[in-house]
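[1] sequence? don't have it. structure:
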Ligand SMILES: O=C(O)CCC(=O)C(=O)O
């Protein structure tokens, strides 16, 4: 299959997702893996106290990393990955020429049961004035059928934005029965470490539990066209523009008539803390879950 930029774009526009095998060279993957394993070890020794590190306790009471929020601010190797030119070239092609980095997260799935995620659309979390926006999943380890890879529903980026609310609050997940026949079309994104998955911001996706004996770190970076502005969320202007990787600053958002829902009301946990992490938000799902 051709991986020219034009053919990638054509497949992406049709399907709403892509897998680009082995985009990152082996020495880069080795550095990513080494840094990531160091954080995993520090978590187990309870050395990570910054709230950017989301920790859970396993069955033996040992801390495991579930997520690093904004990994590009935590270690330079992740920042370098987010700016990796061959990656940004592809992203620029898919977004129409301009690129603003939006946000990053490094999701883990610890062995034996690590966190399944229910079907959802990123668009329901962060709608913008136009949908030239996508997320890439950088596979720091191989993504296999056993270790909870991403699954997507091809073509769903052109469909509706599904209801992600329950009991009057945003739960960041779609009820399985609302998806109907769409579920039968799901595709699993498996590939070796160093490969990248790409999904459109409206593409329905989920991932199953990790049934393997090793961790599954997946670094997700989200990028938008420079003229896609967030709806119902405000950034500080200089910081917003400092994240432009391709193209020029503009104060003229491009408006496209897409279906939109905002991710409100945010569910409030008993201690009053409002977390936007998908792991926390989906814990509020009470009905229609497939995997949890
Ligand atoms: O980590 C995963 O497997 C999926 C993550 C995801 O879908 C998300 O954070 O939006």
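    Here it is on my side, so go on. Quick caveat, the model's predicted, so the values are computed rather than measured. Residues are numbered from 1 along each chain as shown.

[2] Up against the ligand, what does this structure have?
    By the rule CB under 6 Å from any ligand atom, the part of the chain lying against the ligand is 107, 117, 122, 150, 205, 207, 218, 220, 278. Every residue, glycine included, has its C-beta placed from N, CA and C.

[3] Buried subset of those as a PyMOL selection?
    Selecting only the buried entries of the residues of the chain next to the ligand in PyMOL, with 16 or more other CB atoms under 10 Å as the criterion:
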select buried, resi 107+117+122+150+205+207+218+220+278
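
[4] max-length strand in this structure?
    Of all segments of type strand in the chain, defined using DSSP state E, the longest is strand 99-107.

[5] got a list of contacts for that strand?
    36, 66-72, 78, 82-83, 88, 91-92, 115, 126, 133, 140, 217-226, 228, 240, 243-247 (CB atoms under 8 Å, 6 or more residues apart in numbering).

[6] quick revisit: please flag which of the residues of the chain next to the ligand sit within helices.
    Counting by DSSP state H, the part of the residues of the chain next to the ligand found in helices is 122, 278.

[7] now, the most widely separated pair of the residues of the chain next to the ligand?
    122 and 218 (14.1 Å; CB to CB).

[8] Of the contacts of strand 99-107, keep whichever come out buried.
    Buried by 16+ other CB under 10 Å: 36, 66-69, 71-72, 78, 82, 88, 91-92, 115, 126, 133, 140, 217-226, 228, 240, 243, 245-247, out of the contacts of strand 99-107.

[9] In helices, which of the residues you listed appear?
    Among those, the ones falling in helices (DSSP H) are 36, 78, 82, 88, 91-92, 240.

[10] Let me have those residues in JSON lines, extended by pLDDT.
    Putting these into JSON lines (pLDDT from 0 to 100) gives the following:
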{"residue": "36", "pLDDT": "98"}
{"residue": "78", "pLDDT": "98"}
{"residue": "82", "pLDDT": "98"}
{"residue": "88", "pLDDT": "98"}
{"residue": "91", "pLDDT": "98"}
{"residue": "92", "pLDDT": "98"}
{"residue": "240", "pLDDT": "98"}
